[in-house]
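> Task: produce atomic coordinates for the following.
(chains A, B and C, ligands or ions: 2)
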Amino acid sequence: MNDLPPIPLPAEGVDTGSPPAGGSMPLDGPALGRPGGGAMIELKAIRKAFNQGRPNEFWALNGIDLTIEAKKVTAFQGPSGSGKTTLLTIVGCLARPTSGRVRLAEDDISGLPERFLTGIRRSTFGFVFQQFNLVKGLSALENVMLPAFPTGRPHRELRSHAESLLDRLKLAHRREARVEWLSGGEQQRVAIARALVNDPQVLIADEPTANLDTALSREFMGILESLNAEGRTVILTSHDPLVVESAAVHRVVSMRDGQLVEN
Amino acid sequence: MNASIEKQRHLIDFTLASLARRKTKNLGLLLVYTLLVFVLASVSLYTHALRQEAARVLERSPEIILQRMVAGRHDLIPPGYLERIGRIRGVQTIEGRLWGYYYDPVVKANYTFMAPAAEAVRPGTLTVGPAVARSRGLAPGNTISFRAYSGKLFAFTVAGVLPHASELVSADLVLMGEADFRAFFDYPAGHHTDIALSVANPLEVRTVAAKLAAALPDSRPILREEVLRTYASVFDWREGIVLALLSAAIFAFAILAWEKASGLSAEEKREIGILKAIGWETGDVIKMKLWEGGLVSLTAFLAGFVAAYLQVFRLGAPLFEPVLKGWAVLYPRFELVPAIDGLQVATLFFFTVFPYMAAVLVPIWRTAITDPDSAMRS
Amino acid sequence: MKLRPSSLAFVALGLAAAGFAATFLDAAWLRSRDAPQLAERGALAARLGLTDLALFTEARYTRHPSQADLHSAFQDHPVALEHFPTGSLLPPPAALIAHHERLDRKTAASD
Ligand SMILES: Nc1ncnc2c1ncn2[C@@H]1O[C@H](COP(=O)(O)OP(=O)(O)O)[C@@H](O)[C@H]1O
Ligand SMILES: [Mg+2]
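Ligands and ions are numbered 1, 2, ... in the order given. Okay, the predicted model is just below:
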């Protein structure tokens, strides 16, 4: 399953994710870490509180210092509730840390306004959620195209790009099917195709094999490997030995109670 | 194609695909919405056309009608009155009018009998209005007899029927010669019903009326502008009644639309979270919903308006006619000349399209500004 | 390739907008077609000195609302000329007509 054909990067100059007009902001989504640059991610003293200031205040992350290498596969492991998902939301610009700094390819993005974070998220990160989070009622193809809608990419081009992604993930025959009719494995491959449609540098997957059987999990790891082989950074969480002990994973980071634990 | 246009088209594609998921429900809503616009537009088109018709037909009626009042009631103009008015500057013509009402027990309808000054009707003959001719089955040459209020029976020959085109003002008219009129009603010689004055300069009408009121303290001048305003308010009132009757339906729809548009299901909230997580900005989500609201309400507005137009001006307004026109035993048959008031259309647009847009937007705004990390936790 | 939903929407909206525009054109056409009849109505009103529409013929103050007594009921306000019973939405019940007809000194027999 490791023989997935490479997914071509879009030709230089194709605007895959124009972020909001930013004037002199330090960052520009699509230029981030491109071309081929190592979009190294640095976390410094990251703390994240939920319900801060209220009686049920809870610190999900408690001082994380970590550098995630570009073009490598990094896995977070740890018991449920240890803060893996929370960390992914911060790395993937879905949430801001309560304190601490996030640096993406040398740029500090912790203080950026929401609009810019969205632009970075769209162009730099692709997400494969634990529950896949496909939009029900829409076809597989429509789901794959969704993240590219705000970029204004021409319909024809976007459609054929999405079709080629589904094709590579062996889903060409299912592209007009509503996603709720697809099996778990197929849904995940649709989710992967969707994560790739804006051609992101970094792929983020939360518990990707939690809903898959062994064969499908192996297949997923194969896809992962081929994506990494193209130069994409992959960050995932898992407590599945099949993932953590896989040869495709370059580095395993363990977590407990919102902190990193030495292996 | 321009990327920002393409982006809007993508948003439209998505919002339509979303709507298509609950086809029956959304089509049902569109239908009810269209129906509401149809009803409101029908009412407003119809009454506006009636008001216009009244204004344009009556803009050539006499500038001033002078009534005499006795003990606060309309009374006959005695002989010598016309002379007492004498010459007032600005008045072109003064003429005493002779007209009255007659109840016809055969068809249980009231006619307006009139002895026109401008038109010589030969003694013993009548010219009748189209509705009178229709209800009594009259044609030129027929004979008809009326029993006067004195008890005497009078027979007349129908000399002619007024043209159908004028039915709105002439449906119940019975025109007769002056001598016949006075004999039929035992109308005292030299008396008139009222006095019509024509004034050339519209700016002088009020001055002339004030002079008349001063010179003849027992008279009451009625200006044409008052007549026109009376008709405007009659149809305003009827429109208001219909809208009041419809208000329950309007409120029901408002609740339905609000419920549908604003009541975001957990599913929709989840979807917005997903869209934001995969790179949609808050603004994109809102624009997408704006398109939904805009497309739905614009389609409903346009379709409802076109249907209302066809109903009112092409099919004779079968639905609201009785309420808007009123009823009568002798009812004029007339086709309304279409009149569309731009301001009225704009008002209708505003009150049907904007509330829906607001209903769509308000809850989306609240949801769309929530954090995108919820998608990771569903 | 399947037609995009947005294309379908534009076509539908375009048709509806064309229909909307057509109503204005149709109205203008009907107006010019009916202009002679309107003129005829106006001419008759001018010739006979008519002051009211022959819509409600049931009572004198509804047949000629503008010519009714100044001091009859509900006429006191200068801008509120009364126009009731005919303002009702339906004809009165037939039983009532028969009952009141005699009192109104109106002949029951036809002549
Ligand atoms: N939105 C939230 N509000 C309050 N507590 C939360 C929220 N999200 C996560 N938590 C808590 O933070 C801790 C870490 O959660 P999470 O990052 O999902 O852990 P993991 O993915 O390792 O299982 C958990 O105890 C969880 O209950
Ligand atoms: Mg988790």
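> helices or strands up against the helix or strand where residue B:48 lies?
Take DSSP states H and E as the rule and residue B:48 turns out to sit in helix B:23-58. Other elements packing on helix B:23-58 under the criterion 3 or more C-beta pairs under 8 Å, 6 or more residues apart in numbering or on different chains; DSSP states H and E are helix B:167-170, helix B:224-262, helix B:282-309, helix B:321-325, helix B:342-368, helix C:5-48. For glycine as for every other residue, the C-beta is placed from the backbone atoms N, C-alpha and C.
> Skip ahead from it and say which helix or strand is next.
With DSSP H and E, the next secondary element past helix B:23-58 is strand B:64-70.
> what's that next one packed up against?
For strand B:64-70, the packing partners by 3+ C-beta pairs under 8 Å, 6+ apart are strand B:73-75, strand B:194-199, helix B:205-215, strand B:219-223.
> Now the first one: buried residues?
Spelled out, it's strand B:73-75. B:74-75 (16 or more other C-beta atoms under 10 Å in any protein chain shown).
> so after it, what's the next helix or strand?
Counting by DSSP H and E, what follows strand B:73-75 is helix B:81-85.
> Identify each buried residue in that following helix, please.
Buried, per 16+ other C-beta under 10 Å, within helix B:81-85: B:81-82, B:85.
> Same check on stretch A:93-100?
A:93-97, A:100.
> Check stretch B:41-51 too.
For stretch B:41-51, by 16+ other C-beta under 10 Å, it's B:41-51.
> Which one of those is nearest to chain A?
residue B:41 (33.7 Å; C-beta to the nearest C-beta).
> nearest residue to that closest one other than its sequence neighbours?
residue B:308 (3.5 Å; C-beta to C-beta, 6 or more residues apart in numbering or on different chains).
> Give me the below-cutoff pLDDT ranges for the stretch 1-150 of chain A.
Low-confidence segments of the stretch 1-150 of chain A (pLDDT under 70): A:1-39.
> same for whichever strand or helix holds residue B:6, what does it pack against?
Element membership for residue B:6, per DSSP H and E: helix B:3-21. If you count contacts as 3+ C-beta pairs under 8 Å, 6+ apart, helix B:3-21 packs onto helix A:140-145, helix A:155-168, helix B:282-309, helix C:5-48.
> from these, which stretch is densest packed?
Mean neighbour count, computed with mean count of other C-beta atoms under 10 Å in any protein chain shown, is highest for helix A:140-145 among the helices and strands packed on helix B:3-21, reaching a mean of 26.
> touching chain B at all, it?
Yes: against chain B, helix A:140-145 shows contacts by C-beta under 8 Å from any C-beta of the partner chain at A:142, A:145.
> quick one: contacts of that helix?
A:134-135, A:158-159, A:162-163, A:165-166, A:171, A:174-179, A:182, A:186, A:190, A:193-194, A:197, B:10, B:14, B:17 (C-beta atoms under 8 Å, 6 or more residues apart in numbering or on different chains).
> Just want the residue of the stretch 151-263 of chain A that's nearest chain C.
residue A:155 (6.6 Å).
> Spit out the contact partners of that residue.
Contact analysis of residue A:155 by C-beta under 8 Å, 6+ apart lists B:6, B:9-10, B:13, C:4.
> cool, residue B:14 as well?
So residue B:14 contacts A:142, A:146, A:149, B:288 (C-beta under 8 Å, 6+ apart).
> give me the number of residues near the third one?
Burial of residue A:149 is recorded as 26 neighbouring residues (other C-beta atoms under 10 Å in any protein chain shown).
> what about the helices and strands packed on helix B:3-21, which gets the closest to ligand 1?
Smallest distance to ligand 1 across these (C-beta to the nearest ligand atom): 19.1 Å, for helix B:282-309.
> what separates the closest one from the chain centre, distance-wise?
Helix B:282-309 sits 28 Å away from the centroid of its parent chain (C-alpha atoms, centre = their mean, to the nearest Å).
> for that helix, packing partners?
For helix B:282-309, the elements it packs on are helix B:3-21, helix B:23-58, helix B:266-277, helix B:342-368, helix C:5-48, judged by 3+ C-beta pairs under 8 Å, 6+ apart.
> Go through the buried residues of stretch B:41-51 and name the one nearest residue B:168.
The nearest member of the buried residues of stretch B:41-51 to residue B:168, counting by C-beta to C-beta, is residue B:50 at 9.4 Å.
> residues from the stretch 151-300 of chain B in reach of chain A?
Those residues of the stretch 151-300 of chain B that sit near chain A, judged by C-beta under 8 Å from any C-beta, are B:267, B:270-271, B:274-282, B:284.
> how does it look with 6 Å?
B:271, B:274, B:277-281, B:284 (C-beta under 6 Å from any C-beta of the partner chain).
> burial of whichever residue of the stretch 101-250 of chain A sits closest to chain B, as a residue count?
In the stretch 101-250 of chain A, no residue comes nearer to chain B than residue A:122, which is 2.8 Å away by C-beta to the nearest C-beta. Residue A:122 has 27 neighbouring residues, counting by other C-beta under 10 Å.
> That one is in what secondary structure piece?
helix A:114-124.
> so who does residue B:212 touch?
Contacts for residue B:212 (C-beta atoms under 6 Å, 6 or more residues apart in numbering or on different chains) come out as B:66, B:221.
> Distance check, it against chain C.
Distance from residue B:212 to chain C, counting by C-beta to the nearest C-beta, to the nearest Å: 14 Å.
> so where is chain C shaky, pLDDT-wise?
In chain C, residues with pLDDT under 70: C:1-2, C:69-111.
> And the buried residues of helix B:81-85, which is closest to chain A?
When the buried residues of helix B:81-85 are compared against chain A (criterion: C-beta to the nearest C-beta), the nearest one is residue B:85, at 79.0 Å.
> excluding its backbone neighbours, what's nearest that closest one?
residue B:94 is the one closest to residue B:85 (C-beta to C-beta, 6+ apart), at 6.1 Å.
> And residue C:5, by the same measure?
Nearest non-adjacent residue to residue C:5, counting by C-beta to C-beta, 6+ apart: residue B:16, 3.7 Å away.
> Tell me, how many residues neighbour the one you found?
The number of residues packed near residue B:16 is 18, by other C-beta under 10 Å.
> on that earlier part again, can you name the two of the buried residues of stretch A:93-100 that sit furthest apart?
Farthest pair in these (C-beta to C-beta) is A:94 and A:100. Separation: 15.6 Å.
> Now whichever residue of the stretch 101-250 of chain A sits closest to ligand 1. Its backbone dihedrals?
Nearest to ligand 1 in the stretch 101-250 of chain A, going by C-beta to the nearest ligand atom, is residue A:237, at a distance of 6.3 Å. Torsion angles at residue A:237 (phi, psi; degrees, to the nearest 10) stand at phi -120, psi 150.
> Same question for residue B:118.
phi -80, psi -10.
> Which stretch among the helices and strands packed on strand B:64-70 is buried most, on average?
Highest mean neighbour count among the helices and strands packed on strand B:64-70 (mean count of other C-beta under 10 Å): strand B:194-199, with a mean of 22.
> is any part of that one close to chain C?
Yes: interface with chain C: strand B:194-199 contributes residue B:196 (C-beta under 6 Å from any C-beta).
> With just CA atoms, put that strand into CSV.
What follows is strand B:194-199, C-alpha atoms only, in CSV (Å, rounded to 0.1, in the frame of the first residue of the first chain):
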residue,chain,number,x,y,z
ASP,B,194,-76.9,71.3,-5.9
ILE,B,195,-74.7,73.7,-7.9
ALA,B,196,-71.6,72.8,-9.9
LEU,B,197,-69.0,75.4,-10.4
SER,B,198,-66.0,75.2,-12.7
VAL,B,199,-62.9,77.1,-11.8
